[in-house]
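Chemist: Structure for this input, please:
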Amino acid sequence: MGCLVGLGRILIVIINIIFLILGLVFFALGLVCLVGESMLKPYYQSVLDTLKAQLESNNFGTIDLSSFNISALIGGLGYFFVGLGLFLLIITILGCCGACCKVKYMLITYAVIVIVILAGEIVFMGILYGSPDTIKDEMKGPLKASIQSDYMGFNGTNIVSLGWNFAHRQFSCCGVDSYNDFTGGVKWNTNYGGGLKAPITCCITIPDSGTPTCAETPSDIYTKGCFDEVYNMLLGNVSLVAGSIAGCGCFQLVLIIFALIIFCDARQSSKVNPKQYERNGTFNNPPPPTPSAPS
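Modeler: Model prediction:
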């Protein structure tokens, strides 16, 4: 039992140090998403420059893309990463301190949190690959609503217009599901040629302003929806995603087992030597014997 407890303490500390590093990485990544516009700009500036040059060379006038700020577009993702990083930091502190010092309330709290996370991963996997439309529909709704209320077209300068125009050119896609998502947009300027039915940025080749046939018909446009394109890029590899989650689940199961073993050992030790066990659940070395006074 003593060897098993010792092994468990070492394993929990090592794994939690790894997750501590991951937590710091996620926290830093979140801060970059929120306030690191200058760091991210070199990675997407070429796409904006190409889009601007294509539109201006085809007589669409001067296009102002200077207000595009990707931090404003992915700010929600930044908050998510910051929250995830802080959450991992809290868990790793509970795990490391609980295992090193045999703090009972830390160990049981750590075990309960990891159990809840493991259960959540199982449910998420079931929904993700058993009923993916449940997740997709919840995510698509707000995106389509933003198009209807805020998309202004290729020369729009608000974050929704700039974001969708950027996505169309970067991922070779159109709308959430298709160009039909833009039909009826209240701010979309369709007064070009015979009237636009698809955004000009959805055309495979940017047309001339006088004959935007691809966006009028529409024809020769990107037929893939941007949502599925990005979704498949992130979660489409079932083997990779399922394997990663399954691997994390196995590690979490091992952590739960060892945390409970250490907790049981600490509780048993507190019953055997109650005077040497502090209220917080850690062992306290007994004071040295007081030397007797010389007779």
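Chemist: so where do the strands sit in the stretch 51-200 of the chain?
Modeler: For the stretch 51-200 of the chain, strands defined by DSSP state E, counting those that start in this stretch do not occur.
Chemist: Low-confidence stretches in it?
Modeler: Applying pLDDT under 70 to the stretch 51-200 of the chain flags the ranges 55, 58-64, 67, 73, 193-194.
Chemist: cutoff 80 now
Modeler: Where the stretch 51-200 of the chain drops to pLDDT under 80, the residues are 51-77, 128-129, 132, 155, 157, 192-195.
Chemist: Show me where it has its helices.
Modeler: 70-73, 75-101, 104-130, 132-150, 159-171 (DSSP state H, counting those that start in this stretch).
Chemist: Need the residues that contact stretch 188-207.
Modeler: Contacts with stretch 188-207, where a contact means CB atoms under 8 Å, 6 or more residues apart in numbering, come from 51, 54-55, 58, 60, 151-155, 164-165, 168-169, 172, 174-175, 179, 182-183, 209-218, 220-222. Heads up, the C-betas are built off the backbone N, CA and C, glycines and all.
Chemist: Just the terminal-to-terminal distance for that stretch.
Modeler: 18 Å (CA to CA, to the nearest Å).
Chemist: now do stretch 166-186
Modeler: Start-to-end, stretch 166-186 (CA to CA) is 20 Å.
Chemist: gap between that stretch and the chain center?
Modeler: Relative to its chain's centre, stretch 166-186 lies at 23 Å (CA atoms, centre = their mean, to the nearest Å).
Chemist: Contacts for that stretch, please.
Modeler: By CB under 8 Å, 6+ apart, the list of residues contacting stretch 166-186 from outside reads 44, 47-48, 50-51, 68, 140, 143-144, 147-149, 151, 164, 188, 197-199, 201-202, 204, 218, 221-230.
Chemist: That one: which residues count as buried?
Modeler: By neighbour count on 16 or more other CB atoms under 10 Å, the buried set for stretch 166-186 is 166-170, 173-179, 181-182, 185.
Chemist: ok, the residues you listed vs Phe124, which is closest?
Modeler: Val176 (22.2 Å; CB to CB).
Chemist: how close does Ser131 sit to Trp188?
Modeler: 33 Å (CB to CB, to the nearest Å).
Chemist: Settle it for me: which of these two has more neighbours?
Modeler: Neighbour comparison, Ser131 and Trp188: the larger count goes to Trp188, with 20 against 10 (by other CB atoms under 10 Å).
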